[in-house]
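Student: need the 3D shape of this:
(2 chains)
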Amino acid sequence: MRPSGAEPPRRRRDWRTIILFLAPALVMFGLLVLTPIVVAAYASFFNWNGFGTPTNFIGLDNFRRLIADEIFLGDLERTLLLIALSVAVQLPVALALAMLLNQPLRGRRVYRMLFFAPYVLSEVVTAILFTMIFSPNQGLANHVTRLIGLGDLGAVWLADTSTVMYSVFLVISWKYFGFHTILYLAGRQGIPAELHEAAALDGAGPWHAFRYVTLPLLGPTIRVSVFLSILGTIQLFDMVWVLTGGGPIRASETLAITMFQEGFKRFHVGYASAISMVIFLLSLLFGLLYQRFVLRRDLQGAITTMGDQR
Amino acid sequence: MEGWRNPMDSNRINRRSLLGLIGAGMGAAALGACGDGGSTGPSGGTIRWWHIANTDPMKSQWATLAQQFEAARPGVKFEVTPLENDAFKTKLTTNVQAGDPPDIFHTWGGGVLGQQAEAGMAKDITQDIAPLKDSLIPAALDAYTINQRIYALPIDTGMVGFWYNKELFAAAGISAPPQTWSEFLDSVRKLKAAGIIPIALAGKEKWPGHYYWAYLAMRVAGVDALKRAAQDKDFTKPDFVTAGTRLKELVDLQPFQPGFLAAGYSASDGQAATMGNGKAAMELMGQWAPGVQKESSQGKQGLGDKLGFFPFPAVDGGKGPNTDIFGGGGGFAVGRKAPAEAVEFLKFLAQPENVRSYAKAGALLPVVKAAQDAVTEPHLKLVSQALAKGTGFQLFLDQAYAPAVGQQVNDSVAELMAGKASPEKVVKDITDAAKRG
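Tutor: Numbering: from 1, shown residues only, chains lettered A, B, ... in the order given. Next comes the predicted model:
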């Protein structure tokens, strides 16, 4: 139904109320989200040290330099490594734990709380905790490896360029597996018990019930958890910054750390803006494509019932 | 761009003056409550002061001086923010780029201050500071003078050298501190043979590593060549490659503590703690090292009498003598929006009786001539004696050069020390960064 003439006054009042209530959020969003994006996009076309206004327009030079920059390419490589490790190791472990926690287990609540606890800590606190644990000489990790006869691995955890990424991954996993476990657990509990009963009646063993009932029905949850995990990895900063500072020798630098180094340590604000644009576009592109191709089925229901087709 | 900057500026001013009003209101209320409504001086406003003395003794020394100044100048109110070194650099950068520097802030001078001055963020205080020149030790103002204009008041001075553990040296059979690079390498070998970690190094923070390359460049090529290289943006001269080769000789001996690449400087288990706990025989560090060792060591004892100091050794066949000095001190610059009282406060800090009072705390080497007698701390005296013999001076490279170049020096030297870059690559990368600006 379209109104034929002028809107009735009641409608207009509604609009006023809507605008009034939306305005604070829109202003904040505009100032704190949209403006920085526009400014960063603008600055990325300049050779600018951050003082005064940018004047030295260099077109796409920053981006050209970026695709030839070993450090930037290394960042992409390391991001891919972390994504692969997260999806192949961290999430399956979280899934397995969720399945375990769904069993009638003595002290189940305690376990749930324990596993979720790391997620409550801030990234910085986690990183400081682990710098102490991985500390080369007096760290807890070394005491443990000495006790179990692995000897002194002190120089390996964070101080070796070839192993540092795995240590970083360990810390990320420690912090975030609980979050994913809770997601999966919630998803698992949303699966009606009848389905598993039916499967059992049909003669499905635990593995088959998991493979053909639980896993497909957990699909939407898993897809969302993968989405969050990948997006978080692309933007990874705080934890690595405190844990390793991107080192040793830039071996654990992420996109955001390179951006920070260029912008705040070298005052190449134009170049840093270009990196931030790449991070933004990568996240945006990934988000859109993922929603378009992977999450489509999960979102469809929500969108169609919200719309006016039904 | 002007369009969006100006409104933001005025917003900030509005917000600040609003906060100021609230602050003034609260101050008045507090005064009223104390029944001390008599003193109504000129509204001096608030002085925001950022310094990097985040540990005692200097933290409380600065606080005391700020209080004294407040007492002498009714209406002046300090808002002091002590920050850790790296956190300070980041926070200052953010504020300076937003056009809102603090009123008084720590500076090491050199290229970083130069960039701030060029952007109009640091006030030209030549008029106020120049008259003090004769009261200061020679060359004290050099690092803070850019194009003949002075942008900061120097507070302390110092140099980088080897701090060594006399007991561990004796245990390794080293009778006297090494004078030349080959003697130095011999000492490292002897220490290793005796099962002692020769050198503590904070590889996670790259600035302590750059001292080695900088000193070697000064010893091999000479101070003037290093200064010329910075001007010509060309570090590819064979002498600078040699500096890297000499450093590689040291690195190949594996002289650093296990896991040094992940070690911080003042962190627990870091460079200063390793030295302070007697776990390594020496470290290449500035005048502040004994204090930080003490603070980071178990039981906060430090090494005390066991700690000695020797200048960076000469390199055989090199052009620079071992009396050329690398290092620097700190000073205070004045932000562009600072009230006049901020400059007054700097003059207050430079008064000999005030300098003497904070110099007695033993944490820094003052630059005011009349206060030199107040330096009684034995370790600082060692530095002061070495400084007195100085023949040439080079400021920390990561402060002397523009930030991008300074960071590249740090990064490249760290790569060399991790065995990931050749001496040739180091000079090439630094030159590239210098040319790019």
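Student: only C-alpha atoms for contact and neighbour calcs from this point on.
Tutor: OK.
Student: all strands of the stretch 151-300 of chain B, in order?
Tutor: Taking DSSP state E, counting those that start in this stretch to define them, one finds strands in the stretch 151-300 of chain B at B:152-154, B:156-157, B:161-165, B:197-199, B:280-285.
Student: nearest to residue B:132, out of those?
Tutor: Residue B:132 lies closest, by Cα to Cα, to one member of the strands of the stretch 151-300 of chain B: strand B:152-154, at 9.4 Å.
Student: show me what the closest one is packed against.
Tutor: The contact analysis (3 or more Cα pairs under 8 Å, 6 or more residues apart in numbering or on different chains; DSSP states H and E) places strand B:152-154 against strand B:331-334.
Student: can you list the strands that the strand it packs on pairs with?
Tutor: strand B:104-107 (antiparallel), strand B:152-154 (antiparallel) (DSSP bridges).
Student: for it, the averaged confidence score.
Tutor: Averaging pLDDT along strand B:331-334 yields 94.
Student: extract the C-alpha set from that strand and format it as PDB.
Tutor: Output of strand B:331-334 as PDB, limited to C-alpha atoms (Å, rounded to 0.1, in the frame of the first residue of the first chain):
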ATOM      1  CA  GLY B 331      65.600  17.600  27.100                       C
ATOM      2  CA  PHE B 332      62.200  19.200  27.300                       C
ATOM      3  CA  ALA B 333      60.500  20.800  24.300                       C
ATOM      4  CA  VAL B 334      57.500  23.100  24.500                       C
END
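Student: need the winner for burial among the strands paired with strand B:331-334.
Tutor: Each of the strands paired with strand B:331-334 was scored by mean neighbour count; the highest is strand B:152-154, a mean of 30, by mean count of other Cα atoms under 10 Å in any protein chain shown.
Student: roughly how far is that strand from the heart of the chain?
Tutor: 13 Å (Cα atoms, centre = their mean, to the nearest Å).
Student: which residues make contact with it from outside it?
Tutor: By Cα atoms under 8 Å, 6 or more residues apart in numbering or on different chains, the residues outside strand B:152-154 that reach it are B:107, B:109, B:125, B:129, B:140-141, B:144-145, B:329-334, B:346, B:367.
Student: could I get the strands paired with strand B:331-334 as TSV with distance to residue B:117 and mean pLDDT?
Tutor: As requested, these are exported to TSV (distance: least, Cα to Cα, whole Å; pLDDT from 0 to 100):
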stretch	distance to residue B:117	mean pLDDT
strand B:104-107	12	95
strand B:152-154	10	93
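Student: re earlier: which of the contacts of strand B:152-154 sits closest to chain A?
Tutor: residue B:107 (15.1 Å; Cα to the nearest Cα).
Student: check contacts around the closest one.
Tutor: B:113, B:152, B:330, B:331, B:332, B:333.
Student: show me what it is bridged to.
Tutor: residue B:331.
Student: hmm, back to that, can you tell which of the strands paired with strand B:331-334 is closest to residue A:250?
Tutor: strand B:104-107 (27.0 Å).
Student: using PDB, list the CA coordinates for that closest one.
Tutor: In PDB, the C-alpha atoms belonging to strand B:104-107 read as follows (Å, rounded to 0.1, in the frame of the first residue of the first chain):
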ATOM      1  CA  ILE B 104      56.100  20.300  27.800                       C
ATOM      2  CA  PHE B 105      57.400  17.000  26.500                       C
ATOM      3  CA  HIS B 106      60.600  14.900  26.600                       C
ATOM      4  CA  THR B 107      62.800  15.000  23.500                       C
END
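Student: following it, which helix or strand comes up?
Tutor: helix B:110-118 (DSSP states H and E).
Student: what pLDDT, on average, does that following helix get?
Tutor: On average, helix B:110-118 scores 89.
Student: what ranges does the stretch 151-300 of chain B have for its helices?
Tutor: Assigned by DSSP state H, counting those that start in this stretch, the helices in the stretch 151-300 of chain B fall at B:166-171, B:181-193, B:207-221, B:223-232, B:238-252, B:271-276, B:289-296.
Student: and the fifth one, does that touch chain A?
Tutor: No - using Cα under 8 Å from any Cα of the partner chain, helix B:238-252 stays clear of chain A, coming no nearer than 15.1 Å.
Student: could you check how far residue A:251 is from chain B?
Tutor: 11 Å (Cα to the nearest Cα, to the nearest Å).
Student: next up, the contacts around that residue.
Tutor: A:161, A:162, A:164, A:165.
Student: select only the buried ones of the residues you listed in PyMOL?
Tutor: Those of the contacts of residue A:251 that count as buried under 16 or more other Cα atoms under 10 Å in any protein chain shown are selected in PyMOL with:
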select buried, chain A and resi 161+164+165
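Student: please narrow the contacts of residue A:251 to those residing in helices.
Tutor: Using DSSP state H, the subset of the contacts of residue A:251 located in helices is A:164, A:165.
Student: need the contacts of residue A:251 in JSON lines with distance to chain B and pLDDT, can you?
Tutor: Below are these laid out as JSON lines (distance: Cα to the nearest Cα, whole Å; pLDDT from 0 to 100):
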{"residue": "A:161", "distance to chain B": "9", "pLDDT": "88"}
{"residue": "A:162", "distance to chain B": "12", "pLDDT": "89"}
{"residue": "A:164", "distance to chain B": "10", "pLDDT": "92"}
{"residue": "A:165", "distance to chain B": "13", "pLDDT": "94"}
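Student: ok, the contacts of residue A:251 vs residue B:219, which is closest?
Tutor: Out of those, the member with the shortest distance to residue B:219 (by Cα to Cα) is residue A:161, at 31.0 Å.
Student: quickly find the element holding the closest residue to the closest one other than its chain neighbours.
Tutor: In space, and not counting its chain neighbours, residue A:161 is closest to residue A:251: 5.4 Å by Cα to Cα, 6 or more residues apart in numbering or on different chains. Per DSSP H and E, residue A:251 falls between elements, in no helix or strand.
Student: write out the residues of chain B neighbouring chain A.
Tutor: Neighbours of chain A within chain B, by Cα under 8 Å from any Cα: B:1-2, B:90, B:93-94, B:96-99, B:119, B:203-204, B:258-263, B:269, B:403-405, B:407, B:411, B:414-415, B:418.
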